[in-house]
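Novice: 3D, please:
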Amino acid sequence: MEDAPHRPRPTLSSLSAAAGVSISTVSRALKGDARISARLRASIAALAQEAGYQPDILARAMSSGRTGLLGLVLGPATNPFYAALLEEVVQQAAARAMRLLILHAGPGPIEDRTAEALLQYRVDGCLVTSADMSSRAAEVCARSGVPVVMINRVPRLHASAASCDNEEGGREMARFLRAGGHRRAAVIHTGGASSNGLDRERGFTEAFAGRKAEVAARFDGRSTYEGGWAAGEAIAAMPQKRRPDCVFAVSDIIAMGAMDALRAAGLRVPKDISVTGFDSIPDAARPPYAITSYEQPVAAMVARGLDLLAARIARPDTPDEAVLLRGRLVIRRSARLPPAP
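Specialist: Just a heads-up that it's a prediction; the model follows:
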C-alpha cells in the first residue's frame, strides 16, 4: 500500500496564488479588514477553510511582536482549589482566544529559570495563581516588558492582582462562630509566607479575640490534608478544659484533614467542636464533610485578572493595579449555628 502523497502546508502565499490576489490582500481579508469587499473576504475565507489554513503564530509574533501566549504559574496539585482555578482559567482564556503555557506547577516561589522561560517562549504576559516572585524574576519580567497578574494572590513587586478579600473572609467567619456561642478557637494556618493565609488568619483573629473570646491555639497545617490531620490530632489530644470549641482552617483541604483526625479520635463535629474552612471547594461540600466555608469568587477573579493582563499587554505603561473581590460565607453542617432570633 502506497503512502498518501504529502500535502504541503497551506500558507498565505499559496492562498494568494489560489485567489489570484496579493498576499497582503489575503492577510487583510482573513483579519476581517473592511477595506476588502465582503464578497472577496468570504471567498478567501472559504479557500482557507478548504485548504486547512492555520495562522503561523511564530510569523505573526515576528511581525507584531506578540505570540498570543500567556505563561501560567500554578499552585500545588495536592490542593483541589488549584485544579478548579486551572479549569476556570483555561475556559476563560479560550473564550478570549488566549493560549496558555504552563511554566511552573507546585509549591514554592517562582524560580529564576522560570522567569527566563517567560522570555524564551516569548509570552505576552504571565498569570500567577499561587507563588511568590523572587526579586530576580520580577526584574526579568519588568525589564522585558512582560506584564504579570497574580490571581488569588496579593501583588508583589512588578505585578497586578485580582484576589479575594481574604481578611474580610476571615472576619466574617469569626463573627459567624462567635454568634454560634464559640469562645475558644484554634487556627490552622499554612505555616509559610502565603499572603492569603496570613490575611485570613489576621482577619479572623482580629474579629474573634476579645469580649471573653480568644484564639487559644495555632497550628501549622502546611497547606495539606496531612498537615490538617496532624493539627486535628494535636487538638484532640488537648485536655478537655483547654481544648478549643471551634477550628478555623485557612483552606478547606486543611479543614478536611483536621475533621477526619478529630472524628478518628472520637470527637463529634460539630457537637463537640466546630470545624470551618476557606475556599468552598466541591470536595468540602460533600456530605461526609459539609464544611462551613468562605467561598472565593473564582470566576470573577479569573475574569478580572485576564482583564488586567489584557490591558497591560495592550498598553505596557498602564500602572499596576490590585483588585479585591468579596466572597461569601457558605453555611453547612460542620459548625454550630447561631441561635434562632
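
Novice: and after the least confident helix or strand in the chain by mean pLDDT, which helix or strand comes next?
Specialist: Counting by mean pLDDT, DSSP states H and E, the chain has its least confident helix or strand at helix 57-64, which shows a mean of 50. Moving toward the C-terminus from helix 57-64, the next helix or strand (DSSP states H and E) is strand 69-74.

Novice: Show me what secondary structure element comes after that following strand.
Specialist: helix 80-95.

Novice: and that next one, what other elements does it pack with?
Specialist: Applying 3 or more C-beta pairs under 8 Å, 6 or more residues apart in numbering; DSSP states H and E, one finds that helix 80-95 contacts strand 69-74, strand 99-105, helix 252-264, helix 282-285, helix 298-314. C-betas here are computed from N, CA, C, even on glycine.

Novice: Could you pull out the buried residues of it?
Specialist: For helix 80-95, burial by neighbour count (16 or more other C-beta atoms under 10 Å) applies to 80, 81, 82, 84, 85, 86, 88, 89, 93.

Novice: Residue nearest the middle of this structure, spatially speaking?
Specialist: Closest to where the C-alpha atoms of the chain average out (C-alpha atoms, centre = their mean) is residue 129, at 4.0 Å.

Novice: Would you mind measuring from residue 238 to residue 257?
Specialist: 17 Å (C-beta to C-beta, to the nearest Å).

Novice: Please identify which of those two sits among more neighbours.
Specialist: It is residue 257, of residue 238 and residue 257, that has more neighbours when counted by other C-beta atoms under 10 Å, with 24 against 13.

Novice: Of all the helices and strands packed on helix 80-95, which one is nearest residue 328?
Specialist: helix 298-314 (11.3 Å; C-beta to C-beta).

Novice: For that closest one, C-alpha coordinates in PDB please.
Specialist: Written as PDB, here are the backbone C-alpha positions of helix 298-314 (Å, rounded to 0.1, in the frame of the first residue of the first chain):
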ATOM      1  CA  VAL A 298     -13.100  32.200  41.400                       C
ATOM      2  CA  ALA A 299     -14.900  33.000  38.100                       C
ATOM      3  CA  ALA A 300     -14.900  36.700  38.900                       C
ATOM      4  CA  MET A 301     -11.200  36.700  40.000                       C
ATOM      5  CA  VAL A 302     -10.100  35.000  36.800                       C
ATOM      6  CA  ALA A 303     -12.200  37.400  34.600                       C
ATOM      7  CA  ARG A 304     -10.800  40.400  36.300                       C
ATOM      8  CA  GLY A 305      -7.300  39.000  36.200                       C
ATOM      9  CA  LEU A 306      -7.500  38.400  32.500                       C
ATOM     10  CA  ASP A 307      -8.900  42.000  32.000                       C
ATOM     11  CA  LEU A 308      -5.900  43.400  33.900                       C
ATOM     12  CA  LEU A 309      -3.400  41.400  31.900                       C
ATOM     13  CA  ALA A 310      -5.000  42.200  28.500                       C
ATOM     14  CA  ALA A 311      -5.000  45.900  29.400                       C
ATOM     15  CA  ARG A 312      -1.300  45.800  30.200                       C
ATOM     16  CA  ILE A 313      -0.400  43.800  27.100                       C
ATOM     17  CA  ALA A 314      -2.100  46.400  25.000                       C
END
